[in-house]
Each structure stands twice: as C-alpha cells, then as structure tokens.
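Q: no sequence on this one, just coordinates:
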C-alpha cells in the first residue's frame, strides 16, 4: 500500500509540474545574448555602422551579474599566414580595431537607466580595473546601450537580443 501511495503522489507531482512557474531570473540580464547592431551616432545625429554591416557578438551574463562580452567586425580580413605571431602591422591593426572584448561584473541602476560594467579583463588594456557606465534600455528581449562619446564626438551603440 505504501508503494502504491508513493506512486500516486509521484504521478500527481508530475501532473502539477507543467503548471509550475519558472523561477525568476536572479539578475535581470541573466542569459545569453546575440549582437544585433554595433553602430555609432555621429555628432550630426546620423547613425552609421561601427563594426561593419554584419557584426558578430555574444554577451553571456550569469545570475550574479558576472559577464563576458565579445564584439567582432564582420569584415576583418584573415591573416596571410596561418600564424597569429606572423601577422603584418596592418593585419594586427585590423584585428584589434575590429574587435572589442571584456569581462567582469555588471550592475544596473534601473531608476537612472544606467548599466555599469566593472571590467576585470579587456582587449583594450586601459579599461581593465575601470567601471564603464552606459545609458541603457531593456524590454526583456532586447538590450540597447550607449557608450560615452569618443574623442571625435561619435557615440557607439550596442543592441543585443536575448537568445534564452
């Protein structure tokens, strides 16, 4: 009888499981994101591509706000040699200027509309150990943020789409 009762409880629990709510995300941006756009707004207000016509990128954020971010220009030429160490000055410049990567932790100030990246490691060494703040919008499926203006007055804009 105990075996039958246990089986009955297990069946009932299984029937109820599909109706159970998925647990809420511990950090609002938790998940895996794909880059939609890596553009820039010029001082005259015109928007233009910053990382080519079809930039590639991934942003992965865990439940505590730890993240890893990569952006790549789609038109980066391959090195003539199969050895990264044997690239030309032009190939190295294209590789560096055609990518942006960093990792660390992020926080959100929803009231102020500010996303802050506390950068631990970066392909641009000057960012390591800094906190970079970005104005952002987020609708649950899409994240858009603006990087502070560059020296030329242009404002980089990144747009990400949630994959999970």
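A: Looks like it came in fine. In this text the structure is predicted, and so the values were computed from the model without any measurement.
Q: what sits up against the one helix or strand residue 38 maps to?
A: Using DSSP states H and E, residue 38 maps to strand 31-41. Identification of contacts with strand 31-41 by CB atoms under 8 Å, 6 or more residues apart in numbering yields 25, 47-51, 55-61, 71, 73, 142-143, 146, 150, 154-164. Backbone N, C-alpha and C define where each C-beta goes, glycine included.
Q: partners of the helix or strand that comes right after it, with directions?
A: Once the chain leaves strand 31-41, the next helix or strand it forms, by DSSP H and E, is strand 47-49. Strand pairing for strand 47-49, using DSSP bridges, gives strand 31-41 (antiparallel).
Q: mind listing what's buried in the partner strand?
A: 31, 33, 35, 37-41 (16 or more other CB atoms under 10 Å).
Q: for stretch 93-107, same thing?
A: Result for stretch 93-107 [16+ other CB under 10 Å]: buried residues 94-95, 98-100, 102, 104-106.
Q: those residues in helices, which ones?
A: 94-95 (DSSP state H).
Q: reformat the buried residues of stretch 93-107 as a markdown table; add pLDDT and distance to residue 129.
A: As requested, those are exported to a markdown table (pLDDT from 0 to 100; distance: CB to CB, whole Å):
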| residue | pLDDT | distance to residue 129 |
| --- | --- | --- |
| 94 | 94 | 27 |
| 95 | 94 | 24 |
| 98 | 95 | 24 |
| 99 | 97 | 20 |
| 100 | 97 | 17 |
| 102 | 98 | 11 |
| 104 | 98 | 9 |
| 105 | 98 | 12 |
| 106 | 98 | 15 |
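Q: among the buried residues of stretch 93-107, name the ones in strands.
A: 99-100, 102, 104-106 (DSSP state E).
Q: which members of the residues you listed are the farthest-apart pair?
A: 99 and 105 (21.3 Å; CB to CB).
Q: now the buried members of the contacts of strand 31-41.
A: Those of those that meet the buried threshold are 50-51, 55-61, 71, 73, 143, 146, 154-160, 162, by 16+ other CB under 10 Å.
Q: which one is residue 49 nearest to, not counting chain neighbours?
A: Among residues not flanking residue 49 along the chain, residue 39 sits closest, at 5.8 Å (CB to CB, 6 or more residues apart in numbering).
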